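Trainee: Based on what follows, work out the 3D shape:
(chains A and B)
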Amino acid sequence: MVIPVAVVITFAFTAVFVVAAGADPFDAFYRFLVAPLTSPVTLLEVLVSATPILFTGAAVAIAFRAGYYNIGAEGQLLAGAIAAAGLGMVVGALPSLVALPIMVAGGAMAGAAWALLPALLRVRSGIDEVVTTLLLNPVALLLVNALLNGPWRDPETGFPESAPIAASAELPQLVARSRVHLGLVLALAIIAVAWFIITRTSAGLKLRAVGSSPRAAAFAGLDVNGTLLRAALVSGAIAGMAGVSEVAGIQDRLTGGLSAGAGYTGIVVATLGGLTMPGVAAAGLLLGDLRVGAGSAARALDIPSQVGEIVQATLLLVTIAALAIISRRRSTQAGR
Amino acid sequence: MIAFVFDILTATIRNATPLALGTIGETYAERSGVLNLGIEGTMYAGAFFGFATAFWTGSLELGLLAAVLVGLVAGGLMAFLTVTLGANQHVSGLGLTLLLIGVSEFGNRLAFGGGQSLRRIDPYPLVDPLELGGPFSQYALTYVTFLAFVPLAWWVLMRTRFGLAIRAVGEDPEAADAAGISVFRTRYAALMVGGVLMAVGGAFFTLAALGSFTLDIIAGRGWVVIALVIFGRWGIWRAVAGALLFSAVYSLQLRLRVTPGWQDVPFELLLALPYLVVIAALALSGRNVAYPGAYLKPYRRT
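Mentor: Reported below is the predicted structural model:
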């Protein structure tokens, strides 16, 4: 119920920007939200666009659920992308059935490794993970650029892109003549497994207990630090898989702009989804729709494509504002 | 060798200016109990709107004024979300950053057609009132920041009623409220004053140091400031010292890029060095530091 209301309020706010760019807001909003769903071609593009943010949304939601503020999905995604490109260039001799699991595992390990230092500093020394995970994002991007301007620069074209990965390392297409690839299935599978673990297992119960009250969890004898560390590493691993999915499913190589902010959008997805896995799936698809719609609306109406980012950020702020108002009203009623 | 040290010192002070302004702003916000992750976006929007206003009006002062307004609006919005509504501070701040970067880049496309043709303004010149040269040749804003804003920020925070109110609502809002201090008004004021300092820090890049606006102009410096405030343990002097330390490493790597023997090292890795130094500094000095008592906690009368 909150999200549809938030969408309407968001459009009221962001209409200002559409009008400023000289376009009709109703036409623009139709193109943002509805138009991508009206043709099979654009519908498939929505799934393509949703794939990385389903991964990062799940990654962020798992960490936030444990009370661990991993804002580093962007850097962890890039670490996974580096690993995928590095492995993809050398596994050419292997069949896909062997190469693809190596790619996914390698990317997950790289993402987890990028998440390890902030997690260790948090549980060992009590150093705020927000700032350390944030600071490692620009470092990951600089590492990508160093590779692309240096040892990995494409020897044939001279562009700052890596050489293509081997054909056997590419994630197969799911639908002919579209860009939808196996990464989508992997993302949904991860979300399903995460849903099962969080809601149906003792590990999930621990995660939720630590997230809602670390002090109570510690009194109950739960290993709070161990739970935080595991949540942080799993979160990093899933964000790393988003990088694998983009490299092996879309780009077929490492490029500088392959993330397109998917790590930060994961925070939007996780928040809109209420930190639940079904919510993440729904919010991922909604934002996939919005990303495709904003792109085509920008081209058709000749307005800056950044309108998509404005709508996305406004939707996030309106949603948390609405959630805060609702929770206040509830606690007021409970107090009476 | 002395020339080299002087060069590094000059660059260190200059590059520390926006960080010092941001650090003071974030310290005020956090001392009042609110983590403002909107800093990265506030600096970005201050840089863009300051530049755009100066470009269209031809007046650097109006550009600076635009940055001040951006800071007031950004701080006020953050306060509305976290103080009035009591929304999650992490997500509010990140959302604000995403929004302000989006709006700035949207405006940049609309006004200047994106990044293809780099528009320039005549930025503020270097001044050297004592005519000593070297490290004393700085922008006026740098002089004002270190000689006026930093001591003034410390004095206001530690020696005035307003500063006491900020510290009180950030430590124990119930007690402050009982003592007749308005928690809401104090936090709004701290966030808006803080926002102005952050936005002016961002405008330093476009109105003084560079004279132009480029995408990704802040490049994570807002996140660096968040770390410096923890490193400074919410004190003005220590945080500004941290800003100078970061800036020294940053300036050193800039210089190393053009130093014979270092040119084979990819410049991206040198550029990553300051971020890693900040993390290392936090790891060494930030063990279990005492956060402000009401940090991250919305206040509500019961």
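Trainee: does A:Gln333 sit in a helix or strand, and which one?
Mentor: Per DSSP states H and E: A:Gln333 is located in helix A:307-335.
Trainee: ranges for the helices of the chain?
Mentor: Just going to use chain A. For chain A, the helices defined by DSSP state H occupy A:2-20, A:25-29, A:40-65, A:73-88, A:96-125, A:129-149, A:182-200, A:202-212, A:214-219, A:224-246, A:262-272, A:277-301, A:307-335.
Trainee: wrong one, chain B
Mentor: With helices called from DSSP H, chain B shows them at B:2-31, B:39-57, B:60-79, B:89-112, B:140-144, B:150-159, B:161-171, B:173-178, B:183-204, B:221-231, B:236-256, B:267-285.
Trainee: Need those in TSV (columns: mean pLDDT).
Mentor: Output for the helices of chain B, formatted as TSV (pLDDT from 0 to 100):
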stretch	mean pLDDT
helix B:2-31	95
helix B:39-57	97
helix B:60-79	98
helix B:89-112	95
helix B:140-144	95
helix B:150-159	97
helix B:161-171	97
helix B:173-178	95
helix B:183-204	98
helix B:221-231	95
helix B:236-256	93
helix B:267-285	91
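Trainee: Which one, of the ones you listed, ends up nearest to A:Thr201?
Mentor: The closest of the helices of chain B to A:Thr201 is helix B:89-112. By C-beta to C-beta, the value is 27.0 Å. Where you see a C-beta, it was placed from the backbone N, CA and C, and this is true even at glycine.
Trainee: Show me what that closest one is packed up against.
Mentor: helix A:2-20, helix A:262-272, helix A:307-335, helix B:39-57, helix B:60-79 (3 or more C-beta pairs under 8 Å, 6 or more residues apart in numbering or on different chains; DSSP states H and E).
Trainee: B:Arg238 is in contact with B:Gly232, isn't it?
Mentor: Yes: using C-beta atoms under 8 Å, B:Arg238 makes contact with B:Gly232 at a distance of 3.8 Å.
Trainee: between these two, who's got more neighbours?
Mentor: The residue with more neighbours, out of B:Arg238 and B:Gly232, is B:Gly232; 21 against 17, by other C-beta atoms under 10 Å in any protein chain shown.
Trainee: How about the contacts made by the closest residue to the more buried one other than its chain neighbours?
Mentor: The spatially closest residue to B:Gly232, leaving aside those adjacent along the chain, is B:Ala239, at 2.8 Å (C-beta to C-beta, 6 or more residues apart in numbering or on different chains). Going by C-beta atoms under 8 Å, 6 or more residues apart in numbering or on different chains, B:Ala239 touches B:23-24, B:27, B:228-229, B:231-232.
Trainee: Of those residues, which pair is most distant in space?
Mentor: B:Ile24 and B:Phe231 (14.1 Å).
Trainee: who's more crowded, those two?
Mentor: B:Ile24 (29 against 24).
Trainee: Apart from its chain neighbours, what residue comes closest to the more buried one?
Mentor: Among residues not flanking B:Ile24 along the chain, B:Ala153 sits closest, at 4.5 Å (C-beta to C-beta, 6+ apart).
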